[in-house]
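Engineer: need a 3D model of the sequence below.
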Amino acid sequence: MLAVIHSRAQVGVAAPRVDVEVHLSGGLPSISIVGLPEAAVRESRDRVRAAILNAHFEFPQRRATINLAPADLPKDGGRFDLPIALGILAASGQVPSKALAGHEFLGELALSGELRRVVGVLPAVLKARRRSRVLVVPEGNAAEAGLVAGVEVRTARSLLEVCAHLRGATRLPLAADAMVAVPTAESSDRPDLAEVRGQPQARRALEIAAAGAHNLLMAGPPGTGKTMLATRLAGILPPMDEDEALESAAVRSVAGLPVDAARFRERPTRAPHHSASAAALIGGGSIPRPGEVSLAHRGVLFLDELPEFDRHVLENLREPLESGRVLISRAARQAEFPARFQLVAAMNPCPCGHLGDPSGRCRCTPDAVARYGARISGPLLDRIDLHVTVPRPPQSTLRGGEPPGESSASVRARVVEARDRALARAGKSNGLLGPREVDRDCALRDADAALLERAVERLGLSARAFHRILRVARTIADLSASARIETPHLAEAIALRRRESAS
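Structural biologist: Below is the predicted model:
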């Protein structure tokens, strides 16, 4: 007897199809699993046997050969427990084989026959939608599975419930029925930009960064508001559309993190500690898992105390900053994760943090300051569009001597308008424009082109920095609702790049 059950593996954020083929033949009772199973998959034979018996089915006293096809794709985790169990029951005639057609199954079995949640369900749901198949998952995965519209996902608590559904005795509940309405806007409990007092230049740089998806570096003494500003960037970014939100949620799903339907469209903010390793930041492991750059996909990656990160770790950021993806290669497998994030970094001007303070508290030697700044490589700095100094605000500002600044909602409205102009013109944010698109959309008058050439020569900037200045100038023009880049827009973009040459 032969039965074929459809399931899905997990490779990065992809969910390739796996056919679980179960063949029962004569011979001594045994279970053999082939098809590159990892340890957790090989151990499923013991879980499946106990689950079938505890669900009051008969375990066939025959030789069972289970093939996980394709044979050259490594399989890991407990996600194949449910399809293996159903294959054994179908091959032995205890559940109807015809009812399995058009279904896909995922789930780990407890010894009692209960179903436990598995990681990486969301990519499998997206694939099932493309194939127009019914996906059956554990009840513990209902929250993330119900986020995807246009696909029939049913949830079960046990192997017995799945079998009753296949026999037509009952109907498994739909994952979408357990979902609450997903908000289309961001929650009101986000940190508000109005709470930041003073720092007009840094606030302006934050708005420009949000409007054009530009990377931002803030430098200044401790306690000047750098972290407050960085944590408020996500609050002025436009909410994600459905495709972006599903991409971001898929990364959380494969990382085993919960997906909150109430914050489905909020852009993520990740802030790893400066002791993070390269694998934690970029991703890795013998079975590749996403790192912080991928968990920040479509959102913000905030690196506080940037020079305190290991230089080798920081150098790993260069490729994802350019390509928007991370490719992790191992001897037996390869996985790709999306990493289109917005980098916001903060640093002190010197080891003690008080360089340039009017109080004269800094006692760092020039060599110490130079070594501190050299912890960040030139190529990495070159990939950061905006460089802004955040000075210590006067005491009168902290005491409330000035009116509060604009709220995040007000700034977000301008950001959304500027992004809409960029999308209508190029189909993407200005920070993602390629060389040809820069030539087309960031054209300058002759006098402005000469100004930019003099600035690049005087500041010693690279060709990459040249194009990044043009992209920032285009964003500033969009914020001003200007059809072309004017001299004030270009001058402001150059000024927001000058700190790099000073460092």
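Engineer: in this protein, which helix is the longest?
Structural biologist: If you go by DSSP state H, the chain has its longest helix at helix 408-426.
Engineer: next helix or strand past that helix?
Structural biologist: The first helix or strand that comes after helix 408-426 along the chain, using DSSP states H and E, is helix 435-441.
Engineer: for the very next helix or strand once past that following helix, which helices and strands make contact with it?
Structural biologist: Per DSSP H and E, the first helix or strand lying C-terminal to helix 435-441 is helix 446-459. Where contact means 3 or more CB pairs under 8 Å, 6 or more residues apart in numbering; DSSP states H and E, helix 446-459 is packed against helix 463-479, helix 487-495, helix 498-502. For glycine as for every other residue, the C-beta is placed from the backbone atoms N, C-alpha and C.
Engineer: which parts of the stretch 151-300 of the chain are strands?
Structural biologist: Applying DSSP state E, counting those that start in this stretch to the stretch 151-300 of the chain gives strands spanning 153-156, 216-219, 269-270, 283-284, 289-290, 300-303.
Engineer: now those strands in TSV, with mean pLDDT, mean neighbour count and distance to A124?
Structural biologist: Shown next, in TSV, are these (pLDDT from 0 to 100; neighbours: other CB atoms under 10 Å; distance: least, CB to CB, whole Å):
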stretch	mean pLDDT	mean neighbour count	distance to A124
strand 153-156	96	24	9
strand 216-219	96	25	36
strand 269-270	96	20	24
strand 283-284	92	23	20
strand 289-290	94	24	16
strand 300-303	98	26	27
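Engineer: reformat the ones you listed as a markdown table; add distance to V95.
Structural biologist: Formatted as a markdown table, the strands of the stretch 151-300 of the chain follow (distance: least, CB to CB, whole Å):
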| stretch | distance to V95 |
| --- | --- |
| strand 153-156 | 13 |
| strand 216-219 | 57 |
| strand 269-270 | 44 |
| strand 283-284 | 39 |
| strand 289-290 | 35 |
| strand 300-303 | 47 |
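Engineer: for F105, which of those is the nearest?
Structural biologist: strand 153-156 (9.3 Å; CB to CB).
Engineer: would you check how far apart the spatially most central residue of the chain and A245 are?
Structural biologist: Most central in the chain under CA atoms, centre = their mean is H297, positioned 2.8 Å from the mean C-alpha point. Relative to A245, H297 is positioned 11 Å away (CB to CB, to the nearest Å).
Engineer: next one: A14
Structural biologist: Distance from A14 to A245, by CB to CB: 18 Å.
Engineer: surely A128 is within a helix?
Structural biologist: Yes - counting by DSSP: H, G, I helix; E, B strand; the rest coil, A128 is found in a helix.
Engineer: per-residue confidence for P358?
Structural biologist: The predicted structure scores P358 at 77 on the pLDDT scale.
Engineer: quick check: end-to-end length of stretch 318-328?
Structural biologist: 15 Å (CA to CA, to the nearest Å).
Engineer: actually, stretch 293-301.
Structural biologist: Stretch 293-301 end-to-end distance (CA to CA) = 7 Å.
Engineer: same question for stretch 102-118.
Structural biologist: 21 Å.
Engineer: where does the prediction get shaky in the stretch 351-500 of the chain?
Structural biologist: In the predicted model, the stretch 351-500 of the chain carries pLDDT under 70 at residues 396-403, 499-500.
Engineer: try it again at 80.
Structural biologist: 356-359, 394-405, 498-500 (pLDDT under 80).
Engineer: and H467, which of the strands of the stretch 151-300 of the chain is closest to it?
Structural biologist: strand 216-219 (17.1 Å).
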